[in-house]
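Engineer: got a sequence here, can you model it:
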Amino acid sequence: MIDSSLLLLVIPDHPENRLIITGKLFEYLRTGNPIICLGPADGDAAKIIHETGAGQTFSYNDITGISDYIREKINNHKPYPIPARFNRYNVTEHLAGLLRDII
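Structural biologist: Numbers count the residues shown, from 1 in each chain. Model prediction:
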């Protein structure tokens, strides 16, 4: 993953997919490499990718958008800063705090 130029994240195509945030997304964020996400543009994973500047989300059949993005990143590959608030340790700490509050 770390040696990759681009990373592909596919959100499953089903009715509730806007709510899916995969563990793989956090692994990808940690690398600092650009992410191509196939899934809903208004989904939670897309919001994180946009907020962090980690890549771009495309609809499943946006061939032109995807190919343009790949060309752009191949010609101008620059890693983005790794967002600390989205690393697994910080997300787990936040979740643990929420669970402590519930208990």
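Engineer: check for me that Gln56 belongs to a strand.
Structural biologist: Yes - according to DSSP: H, G, I helix; E, B strand; the rest coil, Gln56 belongs to a strand.
Engineer: what number of residues lie near it?
Structural biologist: As a burial measure, Gln56 scores 20 neighbours (other C-beta atoms under 10 Å). Using the backbone N, CA and C atoms, a C-beta is placed for each residue, glycine as well.
Engineer: which strand residues bridge it?
Structural biologist: Per DSSP bridges, residues listed as beta-bridge partners of Gln56: Ile36.
Engineer: got the contact list for it?
Structural biologist: Neighbour list for Gln56: 34-37, 49-50, 65, 69 [criterion: C-beta atoms under 8 Å, 6 or more residues apart in numbering].
Engineer: among the residues you listed, name the buried ones.
Structural biologist: Buried subset of the contacts of Gln56 (neighbour count, 16 or more other C-beta atoms under 10 Å): 34-37, 49, 69.
Engineer: save those as a markdown table, and put in pLDDT and distance to Gly23 too.
Structural biologist: Putting the buried ones among the contacts of Gln56 into a markdown table (pLDDT from 0 to 100; distance: C-beta to C-beta, whole Å) gives the following:
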| residue | pLDDT | distance to Gly23 |
| --- | --- | --- |
| Pro34 | 93 | 19 |
| Ile35 | 96 | 14 |
| Ile36 | 97 | 18 |
| Cys37 | 98 | 14 |
| Ile49 | 95 | 15 |
| Tyr69 | 95 | 23 |
